[in-house]
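[1] structure, please.
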Amino acid sequence: AQRFKVIVAYDGSDFKGWQRQSRTKLLTVQGEIEKALSGILRRNITISGCSRTDTGVHARGQVFTCDIPWPSNRSDDLLRALRDRLPPSILPRSLTPVHCNFSSRHSLAKLYKYYVNEGLRSSPFATRYVYTMGKHKNRLNLDAMRKAASYLEGTHNFSRFGVLENEIEKRSPIKHIYSLRIDREERAPSSLSAPCGHPLDDGSAANGETPQIVLSCICDAFLWKMMRRIVGTLLQVGLGRLKPNATLEILEEESRSPRGSLWNHPLVFTAPPQGLFLDTIFYSERELKSAMRREDKSAVARCKREFLRWATRLLHATYCCKQMH
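    Residues are numbered from 1 along each chain as shown. Model (predicted):
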């Protein structure tokens, strides 16, 4: 059998997460892919995914492997056949033969992105992919959120931000966040698209009506719900309900809840799933460093744009004041 590495994108709205539910008939992404592969090869096929996304969470770069009796030089034919059998909400982006020792689960780091709409309503084409703040009229304080996020970068015990499942309680809560960035986009980024490439932006964001907040986190590994709980807590900071040093206080608490693995912390909030995307999974230092450089360049470019925008507004205000006098 030949091992193949597959990068897949999917809209998680209609699925009960990634992982196959063996005891139930719930619709899952893994279950649909295994059913498609089994139909092509006429035998039961099991795949191994890198990340178990929750119900309603999307992916642009989920990775899985499968060992199947298929010639490595006909991978394009298998990719076309797999696309034909899968629903439109699941799109295999690439399929390549790899060495038998390659494991999708042994990744170096993952990039998750979370999209927030500050407006009262989202475009009807974006509601499945963006968390809309709704009733909160004031814009988020990004400076406070960035300060709170800075405490989370580096190596820490993130047990307070994750929920340890009974079956994986032995997993270490010590994680390393390489980068945690928060940016405001006056126009929805082109990368914010459905798995099949349909744009979600209807133009309203270009008029400043629904600016997008993008939270990007590169971490060596994530605990269950860790990204959503980090985002939810940072949003509370942005709304002024928590101080920026709240994240530092949470990290400094070392005691575990007497309730065990499923517990709540009064300063930790969980964001809803629909704004979360598994964007990229890194398997080499070169891929990770390249992504970090792109993050740095995009952050610098956004700072320059914000400076020019505020400078223009200041000049306009000064001109108006002179005209009035």
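
[2] now Arg105. Nearest residue, chain neighbours left out?
    By the measure of Cβ to Cβ, 6 or more residues apart in numbering, the closest residue to Arg105 outside its immediate chain neighbours is Cys50, 5.7 Å from it. C-beta here means a position set from N, CA and C on the backbone, and glycine is covered the same way.

[3] can you tell me how far that neighbour is from Lys147?
    32 Å (Cβ to Cβ, to the nearest Å).

[4] tally of neighbours for the residue nearest to Arg105?
    23 (other Cβ atoms under 10 Å).

[5] the one 3 residues further on too?
    Counted with other Cβ under 10 Å, residues neighbouring Thr53 total 24.

[6] what helix or strand is the nearest residue to it once chain neighbours are set aside located in?
    Of all residues not flanking Thr53 in the chain, Trp18 sits nearest, at 4.6 Å (Cβ to Cβ, 6+ apart). For Trp18, there is no helix or strand it lies in under DSSP states H and E.

[7] where's Trp18 relative to Thr55, distance?
    From Trp18 over to Thr55 the distance is 9 Å, taken as Cβ to Cβ.

[8] and for the two, which residues touch both?
    Residues touching both Trp18 and Thr55 (Cβ atoms under 8 Å, 6 or more residues apart in numbering) are Gly12.

[9] in terms of neighbours, single out the busier of these two.
    Trp18 (25 against 15).

[10] show the pLDDT at that one.
    The model reports Trp18 with a pLDDT of 94.

[11] go on, Arg293?
    So Arg293 comes in at 85 (pLDDT).

[12] also Pro69?
    The model's pLDDT for Pro69 equals 93.

[13] distance of the closest residue to it other than its chain neighbours from Ser75?
    Spatial nearest neighbour of Pro69, excluding adjacent residues (Cβ to Cβ, 6+ apart): Ala1 at 5.4 Å. Using Cβ to Cβ, one gets 14 Å for the distance from Ala1 to Ser75.

[14] again, but for His265
    46 Å.

[15] what about Ala221, how many neighbours?
    16.

[16] contact partners for Thr127?
    Gln274.

[17] and it, how far is that from Arg146?
    27 Å.

[18] same thing with Phe102?
    Using Cβ to Cβ, Phe102 is found at 37 Å from Arg146.

[19] what does Thr233 give?
    From Thr233 to Arg146 the distance is 13 Å (Cβ to Cβ).

[20] looking at those two, which has the bigger crowd around it?
    Counted by other Cβ under 10 Å, Thr233 and Arg146 do not tie: Thr233 has more neighbours, with 27 against 17.

[21] quick one, what contacts the more buried one?
    Thr233 touches Ala148, Phe161, Leu242, Ala246, Thr247, Ile250, Leu267, Val268, Phe269, counting by Cβ under 8 Å, 6+ apart.

[22] could you dump those residues to JSON lines with secondary structure?
    Formatted as JSON lines, the contacts of Thr233 follow (DSSP: H, G, I helix; E, B strand; the rest coil):
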{"residue": "Ala148", "secondary structure": "helix"}
{"residue": "Phe161", "secondary structure": "coil"}
{"residue": "Leu242", "secondary structure": "coil"}
{"residue": "Ala246", "secondary structure": "helix"}
{"residue": "Thr247", "secondary structure": "helix"}
{"residue": "Ile250", "secondary structure": "helix"}
{"residue": "Leu267", "secondary structure": "coil"}
{"residue": "Val268", "secondary structure": "coil"}
{"residue": "Phe269", "secondary structure": "coil"}
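
[23] wait, which of those residues is closest to Ile174?
    Phe161 (12.2 Å; Cβ to Cβ).
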